[in-house]
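> Sequence isn't available, so here's the structure alone:
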């Protein structure tokens, strides 16, 4: 793990430990804005509430389903492997490892998207 990865994980943990609920909400909404088709935000509404409180977020990247929830003021993180709609296994991780894995997976996805874009541009130009 590089120093940059460690520093990023430490920053995420400091941020979430100060106010996990509101930071989860901000994180979930930012992800939903960036990747609307891949992100599901879970809310919990009280009986008389008009608005809900964000209690979790799920990100679908390839065969992996990244899930981050808040329960009792604490973050709970897991990654599930899903193939053709069937969950094969689910691993519970500490939030720092979860953030690191998500960051790595999104880097790979971005690199693949850039490669695909370059291939399409080359195809269209020829």
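Thanks, I have the structure now. The structure presented is a predicted model; accordingly, all values stated were derived computationally and were not measured. Residues are numbered from 1 along each chain as shown.
> Mind jotting down where the helices sit in this protein?
Under the criterion DSSP state H, the chain contains helices at 3-18, 20-34, 95-125.
> Least confident of the ones you listed, on average?
Mean pLDDT values for these show the minimum at helix 3-18, a mean of 62.
> Quick check: residue 122 vs residue 37, distance?
Distance from residue 122 to residue 37, counting by C-beta to C-beta, to the nearest Å: 26 Å. In this view, the C-beta of every residue, glycine as well, is placed from N, C-alpha and C.
> ok, these two, which is more surrounded?
residue 122 (9 against 6; other C-beta atoms under 10 Å).
> Just list the residues touching that one, thanks.
When the contact criterion is C-beta atoms under 8 Å, 6 or more residues apart in numbering, residue 122 has no partners at all.
> tell me the centre residue of the protein?
Residue closest to the average C-alpha location in the chain (C-alpha atoms, centre = their mean): residue 59, at 4.6 Å.
> Can you give me the neighbour number for the closest residue to that residue other than its chain neighbours?
Excluding the flanking residues, the one nearest residue 59 by C-beta to C-beta, 6 or more residues apart in numbering is residue 66, at 4.3 Å. By the criterion of other C-beta under 10 Å, residue 66 has 23 neighbours.
> Just grab the bridge partners of residue 66 for me.
Beta-bridge partners of residue 66, counted by DSSP bridges, are residue 59, residue 79.
> Could you tell me which residues make contact with it?
Per C-beta under 8 Å, 6+ apart, neighbours of residue 66: 58-60, 77-79, 98, 101-102, 105.
> again, only this time at 6 Å
59, 79, 102 (C-beta atoms under 6 Å, 6 or more residues apart in numbering).
> can you list those in CSV and add distance to residue 89?
Output for those, formatted as CSV (distance: C-beta to C-beta, whole Å):
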residue, distance to residue 89
59, 17
79, 9
102, 17
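> Quickly name whichever of these is closest to residue 48.
Residue 48 has its nearest neighbour among the contacts of residue 66 in residue 59, at 31.1 Å by C-beta to C-beta.
> quick one: the closest one and residue 39 touch, right?
Yes - counting by C-beta atoms under 6 Å, residue 59 sits close enough to residue 39 to count as a contact (5.4 Å).
> thinking again about what came up before, which among the contacts of residue 66 gets closest to residue 110?
Residue 110 has its nearest neighbour among those in residue 102, at 12.4 Å by C-beta to C-beta.
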